[in-house]
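Structure for the following, please:
(one chain, ligands or ions: 2)
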Amino acid sequence: MSQAMMTVVSQTEIAKDIFELRLKGALVNEMGAPDQFLHIRVPGDELLLRRPISIAAIDADKEECVIIYRTEGKGTTIISQLTAGDELDILGPLGNGYPIDMLAAGQNALLIGGGIGVPPLYELAKQLHAKGVNIVSCFGFKNKDEVFYEEEFAAFGKVNIATDDGSYGKHGFVTQYFDELDGFVPDAVFACGPKGLLVAVSKTFDPSLTYLSLEERMACGIGACYGCVCDKKNSTSAYDNYRVCVEGPVFRAEEIVL
Ligand SMILES: Cc1cc2nc3c(=O)[nH]c(=O)nc-3n(C[C@H](O)[C@H](O)[C@H](O)COP(=O)(O)OP(=O)(O)OC[C@H]3O[C@@H](n4cnc5c(N)ncnc54)[C@H](O)[C@@H]3O)c2cc1C
Ligand code: FES
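Numbers count the residues shown, from 1 in each chain. Ligands and ions are numbered 1, 2, ... in the order given. Next comes the predicted model:
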């Protein structure tokens, strides 16, 4: 983990309020595991706390990486105004990403994402595909305007999409369609998205084979403030919990209480 400046290569709005930001810098050489995150200092003097955003793609040859984020408040709105050549102060890469060593060529991985939980699954899909793992992706979005990266994921396997209002793909929550996987039996399940989605995933699939990426509000991002704790299964005291920024953001479903 280092703190360094990275340069904006490009910024594109790829769906409603969803931005794809490509960054360049030596920090990319430290990136590896899918779904580690960057802790970004928002330009200007107004906002003290860094904002955590997952790494969506790593291009080591070009020393570039991609983050994809939704404008939620002041911080992400300021970041969305950056253009090529601007610089960002980044701390990272932070956290433990999705493990992939336990999967071998020919095994099956199911990727499940909700909204802005989809981006961190992209680097995962890339790395699993390179290993020869079969991939099926199931993604849920609010509506057609917010759908993104369908084609990019389709390069790695089948993509099922559902929208809350039925304006694209299947109608309803993506979690309603887990029994329509056409006989695809996952050897591991990887999910990222809102808590309701993570709860449904952990109830549906074997929790020892299911990896969930959690999002908690963060302050330090490096384990010092305990601002991001989540409940540990079978914890022995109120102080026996996990810090999402250090022990996570990815946990096996059987390790945590959602
Ligand atoms: C490990 C990690 C990875 C993340 N990766 C991504 C990503 O790849 N793409 C992306 O769009 N977002 C991601 N987030 C969420 C992102 O950090 C917040 O949306 C962002 O910090 C909001 O900052 P802001 O100043 O724009 O909004 P603020 O003004 O700080 O908040 C605006 C709204 O967003 C909510 N919010 C703020 N932070 C979080 C959070 N951490 N989790 C849930 N809700 C939050 C607030 O409750 C409020 O309603 C990630 C969060 C974590 C912890
Ligand atoms: S954000 Fe400070 S311990 Fe996780």
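
Doesn't Leu110 lie inside a strand?
Yes. If the criterion is DSSP: H, G, I helix; E, B strand; the rest coil, then Leu110 is within a strand.

residues from the stretch 101-250 of the chain in reach of ligand 2?
218-221, 223-228, 243, 245 (CB under 6 Å from any ligand atom). Glycine gets a C-beta too; all of them are placed from N, C-alpha and C.

Quickly name whichever of these is closest to ligand 1.
Nearest to ligand 1, judged by CB to the nearest ligand atom, of these is Met218 at 5.0 Å.

re the thing from before, now the two most distant members of the residues of the stretch 101-250 of the chain next to ligand 2.
For those, the farthest-apart pair by CB to CB is Gly221 and Tyr226; their separation is 12.1 Å.

Can you pull the residues of this structure lying near ligand 1?
Residues of the chain found near ligand 1 (CB under 6 Å from any ligand atom) are 37, 51-54, 68-70, 72-76, 116, 119-120, 215-218, 249.

Pull out the buried residues from those.
The neighbour-count test (16 or more other CB atoms under 10 Å) marks 37, 51-54, 68-70, 75-76, 116, 119-120, 215, 218, 249 as buried among these.

In contact with the residue positioned nearest the centre of the chain, which residues are there?
Centroid-nearest residue in the chain, with CA atoms, centre = their mean: Pro120, separated by 2.8 Å. Applying CB atoms under 8 Å, 6 or more residues apart in numbering to Pro120 gives the contacts 34-35, 37, 54-56, 97-98, 192, 213.

now swap in Gly132 and tell me
104-106.

For Phe205, see how far away it is.
Going from Gly132 to Phe205 by CB to CB, to the nearest Å gives 22 Å.

Neighbours of Ser238, how many?
Heads up, residue 238 is Ala, not Ser. Per other CB atoms under 10 Å, the neighbour tally for Ala238 reads 8.

and it, that's in a helix?
No. Going by three-state DSSP, the assignment for Ala238 is coil, not a helix.

Backbone dihedrals for the residue found closest to Asp165 once you drop the neighbours it is linked to in the chain, please?
Spatial nearest neighbour of Asp165, excluding adjacent residues (CB to CB, 6 or more residues apart in numbering): Asn143 at 5.0 Å. Asn143 adopts backbone torsions of phi -160, psi 180, taken as degrees, to the nearest 10.

which ones are touching Asn143?
Applying CB under 8 Å, 6+ apart to Asn143 gives the contacts 163-165, 167-168.

Buried ones among the residues you listed?
Buried among those by 16+ other CB under 10 Å: 163-164, 168.

just these now: which is nearest ligand 2?
Among the buried ones among the contacts of Asn143, Asp164 lies closest to ligand 2 (CB to the nearest ligand atom), at 30.3 Å.
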